[in-house]
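Q: this is the structure alone, sequence omitted:
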């Protein structure tokens with residue numbers, strides 16, 4: 001994407017070519033690279049593509065899901081918040097954790113439903129993960145979330161106690 005950004009005159013229709021490519025490609029890594037290109041060189045095309053695959057976000061490959069979260073700064077915040085809600089349903093625990101963390105960062109105190117969704121995701125991750133280090137990291141996130149929102153964990157208290165009793 002650097003060539004396109006620095007020497008736009010060499011391939012003036014690069015964003016359109018890349019958008020056609022990302023729609024037709026089936027390889028996850030190629031789609032990931034195409035999305036990164038669009039996010040850096042053609043933000044509107046990247047946003048259009050995200051809208052077109054919005055319902056499929058949880059089923060996209062882990063690399064592409066992570067790429068969407070990493071390049072979220074290039075997209076409107078309302079779209080990214082919606083994408084993060086969708087990615088909470090991903091099959092990858094890493095994607096779920098990153099989506100929940102991103103939701104808590106983006107929404108801060110303004111959106112309680114986002115904080116509740118993130119808290120619920122964190123609790124489910126702690127229940128499903130077997131590694132103690134992962135559990136400690138996620139529990140630390142829950143503690144931070146609890147400090148920002150006093151009663152956010154009230155409905156999840158029994159699940160948290162079940163995790164702590166193991």
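A: Yep, it's here. Nothing here was measured: the structure is a model prediction, and the numbers come from that model.

Q: for the strand or helix carrying residue 121, buried residues please.
A: In the assignment (DSSP states H and E), residue 121 maps to helix 112-128. Across helix 112-128, burial judged by 16 or more other CB atoms under 10 Å covers 114-126. C-beta coordinates here come from the backbone N, C-alpha and C atoms, glycine included.

Q: show me what it is packed against.
A: Contact partners of helix 112-128 among helices and strands, from 3 or more CB pairs under 8 Å, 6 or more residues apart in numbering; DSSP states H and E: helix 77-87, helix 93-107, helix 132-148, helix 157-164.

Q: so which of these is the most surrounded?
A: Of all these, helix 93-107 has the most neighbours on average by mean count of other CB atoms under 10 Å, namely a mean of 20.

Q: tell me which other helices or strands that one touches.
A: When contacts are defined as 3+ CB pairs under 8 Å, 6+ apart, helix 93-107 sits against helix 62-70, helix 77-87, helix 112-128, helix 132-148.

Q: ok and it relative to helix 112-128, angle-wise?
A: 150 degrees (axes from the mean of the first three to the mean of the last three CA atoms, to 10 degrees).

Q: name the nearest residue to residue 94, sequence neighbours excluded.
A: residue 62 (6.9 Å; CB to CB, 6 or more residues apart in numbering).

Q: show me what contacts the closest residue in space to residue 80 that isn't next to it in sequence?
A: Excluding the flanking residues, the one nearest residue 80 by CB to CB, 6+ apart is residue 72, at 4.4 Å. Shown in contact with residue 72 (CB atoms under 8 Å, 6 or more residues apart in numbering): 80, 83, 102.
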